[in-house]
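A.B. asks: Sequence and computational prediction follow.
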Amino acid sequence: MTKRDWQSITLSAVLLAVAACLPLTGDAYMLSIGITIAMYAVLATSWALFSGPTHYISLATAAFFGLGTYTTAIGIENGLNYWVTLPIAAVLGAVLAVLVGLATLRLSGVYFVIFTLGLAELVRQVVTWGQNLSGQKGLYVLTDITEVHIYWQLLVLAAIVYLTGWAIGRSRLGFALRIIGDDEEVARHSGINTSRAKILLFMVSGATAAVVGSILAPRYIYIEPALAFTPMLSFLVVIMALLGGTGRLWGPLVGVIPFTLLWEAISSSFPNQTTLLLGLSFLVIVYLLPRGFVGLIESGKRKLREREAFA
Amino acid sequence: MDILITGLLLGGTYALIAMGLNLQYGMARIMNLANGEFLVAGGFAAFWFYTAGQVSPLLTLFIVAPLAFGLNWLIYVVMLRPLVKRAKSHGQLEVDAILTTFGLAFVSVGIMLALFGGDYFSYSYLARPITLIGDTYALNRVTAAVAAVIICGGLWLWLNRTRAGMSIRAIAVDPKSARLVGIDVPKLSALAFALGGAVTAVGGALISTFLMLDASTGVLFTLKALVIVIMGGVGDVRGTIVAALLLGILETFVATLIDPGLTLAAAYLLFVLILLFRPQGLFGRRTT
């Protein structure tokens, strides 16, 4: 590892330690915003792990998230320990990702987008149908886990995701994915098993989202399909990740923090205009910020350097 | 038998919507995820004209179609053409188009929510029974299906018998070669996109006579139309119609015999089967 790597690892560890101190302020509102930010940071970063290099836009985050939430809820109802449900959720998330990947990732990207667009709705319909058959409406998740625990768990998960992302970026798999993103044809001709690489990464992304769902299940207390599989979640994750920029590992985080704060402010003062805002954010990203904040920062840096070179 | 005919009637209307999307995706090469919102907007227009002025939804079509045509043409020229020019590859255009039209979809849902609120809207038009081959059906469903068949037939004739239609089909096959034989690709792409939007909005006005819609149902119709287009083969009119009828029958089958809440699941089942076994579409040839 180079000196730079050590520097960035130390910096991340310090930032994480600072973030972990947030509950010490004792402010419940700050903590709940902190949980939301940590949740979206994990979701958006793991989303970008897959969609960043490959440019395959996944709209399925809500499906994995809901799967995780339901795994924990059903597990606890049947007497399982909460901590056991987390790895189960991860495995189920990975399995769902493999199934989706096998059906769509061997083909062109559009099929994948369309399929993931409806996946959350599909799972929701099936779960609702299953509940109608058994006569249940929703599930209670009663644990002694508090908001602070949820927050710290999310931070640990975030650390794991960043380390995984960093490791993937240095591995053969990460290299293969960048080639796929540049030109899939070239990747295939240079002997990369493109569908295997894509499915592997999608598994990481799906498993992470499922674990996030499990971790947050105790926060909701009462779970029903419309809540666990809300499609809005998928769209917000895509917007935040793209807003930050998917070219760098820390990119999504740069988008998550301002957007979460903005979203909280807007949805509390104009609750009926959130859909409109969501749409406008997509348009802003495509037309004004095609490479996200990261792109802005980097072109700013380049300009500075050029100016110095001339001086 | 009952299910079969109800399914065929539903499928007829689906065919119209999917034709609209096929014109946009197959011919103009824009994956329009805001397609369903235009459908809902068409439905809203029909609803509004019927309740406010007692105008028959069948007459409203003649207002909805040119309006949707103009609006979609504007969207293409103002918003999508810069993306077409900016895109370095087909893949990049696809990503940009998906994000843009997705954004547009949310903006239109937001506007419709602000204008009409989030309630379901429905009105009663031609809600009379009619007897066909021994069974009774709602007259509005039959009317909608007949109108859809007429419009689909007209489109098919236009695409196969006129110069503009033939050129658009040439673009669907290969935009680069189409330019070489003197076809004005940018102009005709805009035309195809606008026409697709108009067809979808007309489909929406027809559907609103027998289905309840609300501001946010658009995305479900977008999904169904996408499944149909992929199943029928991108750019293939005949395939689209067959696929739409199949989906209509399957959906009615599932809704009547298993659970009405599972219609999307039914569409997805079909989608997965197609992706696994015939990703090139029902009548498509495998590309090498």
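C.D. replies: Sure thing, it's come through.

A.B. asks: for the record, mean pLDDT for stretch B:119-128?
C.D. replies: Stretch B:119-128 shows a mean pLDDT of 71 in the predicted model.

A.B. asks: ah, wrong one, I meant stretch A:160-173
C.D. replies: On average, stretch A:160-173 scores 89.

A.B. asks: In that stretch, which residues are buried?
C.D. replies: Buried residues in stretch A:160-173, counting neighbours by 16 or more other C-beta atoms under 10 Å in any protein chain shown, are found at A:161, A:162, A:164, A:165, A:166, A:168, A:169, A:173. To be clear about C-beta, it is placed using only N, CA and C from the backbone, and glycine gets the same treatment.

A.B. asks: got it, and stretch A:188-204?
C.D. replies: Applying a neighbour-count criterion of 16+ other C-beta under 10 Å, the buried positions in stretch A:188-204 are A:192, A:194, A:195, A:197, A:198, A:199, A:200, A:201, A:202, A:203, A:204.

A.B. asks: Settle this for me: the first one is touching residue A:181, isn't it.
C.D. replies: So the one you mean is residue A:192. No: the criterion here is C-beta atoms under 8 Å, and residue A:192 misses it with residue A:181 at 11.6 Å.

A.B. asks: Hmm, residue A:157 and residue A:16 touching each other?
C.D. replies: No: counting by C-beta under 8 Å, residue A:16 stays clear of residue A:157, with 11.4 Å between them.

A.B. asks: neighbour count winner among those two?
C.D. replies: With neighbours defined as other C-beta atoms under 10 Å in any protein chain shown, residue A:16 and residue A:157 compare such that residue A:157 has more, 20 against 14.

A.B. asks: Which helix or which strand is home to the more buried one?
C.D. replies: helix A:147-170 (DSSP states H and E).

A.B. asks: Residue B:72 too?
C.D. replies: Following DSSP H and E, one finds residue B:72 within helix B:57-74.

A.B. asks: tell me the average confidence for that helix?
C.D. replies: 87.

A.B. asks: can you pull out the strands in chain B?
C.D. replies: B:129-132, B:135-138 (DSSP state E).

A.B. asks: Look at the residue nearest to residue A:164 when sequence neighbours are not counted and report its pLDDT.
C.D. replies: Counting by C-beta to C-beta, 6 or more residues apart in numbering or on different chains, residue A:164 lies nearest to residue A:204, which is 6.5 Å off, once chain neighbours are set aside. pLDDT for residue A:204: 92.

A.B. asks: What is whichever helix or strand residue A:204 is part of packed up against?
C.D. replies: For residue A:204, the host element (DSSP H and E) is helix A:194-220. Other elements packing on helix A:194-220 under the criterion 3 or more C-beta pairs under 8 Å, 6 or more residues apart in numbering or on different chains; DSSP states H and E are helix A:28-54, helix A:61-77, helix A:82-104, helix A:147-170, helix A:172-182, helix A:184-189, helix A:225-228.

A.B. asks: What are the neighbouring residues in contact with the residue lying closest to residue A:174 once chain neighbours are set aside?
C.D. replies: In space, and not counting its chain neighbours, residue A:174 is closest to residue A:168: 4.4 Å by C-beta to C-beta, 6+ apart. Residue A:168 is in contact with A:49, A:174, A:177, A:201, A:204, counting by C-beta atoms under 8 Å, 6 or more residues apart in numbering or on different chains.

A.B. asks: distance of residue A:168 from residue A:204?
C.D. replies: Residue A:168 sits 7 Å away from residue A:204 when distances are taken as C-beta to C-beta, to the nearest Å.

A.B. asks: Same check on residue A:252?
C.D. replies: Separation of residue A:252 from residue A:204 (C-beta to C-beta): 15 Å.

A.B. asks: Likewise for residue A:37?
C.D. replies: According to C-beta to C-beta, residue A:37 stands 21 Å off from residue A:204.

A.B. asks: Residues of the stretch 151-288 of chain B that sit close to chain A?
C.D. replies: Within reach of chain A by C-beta under 8 Å from any C-beta of the partner chain, the stretch 151-288 of chain B has these residues: B:216, B:219-220, B:223, B:226-227, B:230, B:259, B:261-262, B:264-265, B:267-268, B:271-272, B:275-276, B:279.

A.B. asks: Now do the contacts for residue B:112.
C.D. replies: B:37, B:40, B:41, B:44, B:215.

A.B. asks: do the same with residue B:61
C.D. replies: Shown in contact with residue B:61 (C-beta under 8 Å, 6+ apart): B:147, B:202, B:205, B:206.

A.B. asks: Over to residue B:219?
C.D. replies: A:117, A:231, B:33, B:36, B:37, B:105.

A.B. asks: okay, now the residue nearest to the first one when sequence neighbours are not counted: neighbour count?
C.D. replies: The reference is to residue A:117. Nearest non-adjacent residue to residue A:117, counting by C-beta to C-beta, 6+ apart: residue A:59, 4.6 Å away. Neighbour count of residue A:59, defined by other C-beta under 10 Å: 25.

A.B. asks: Could you look up the SS state of residue A:59?
C.D. replies: Here residue A:59 is recorded as coil under DSSP: H, G, I helix; E, B strand; the rest coil.
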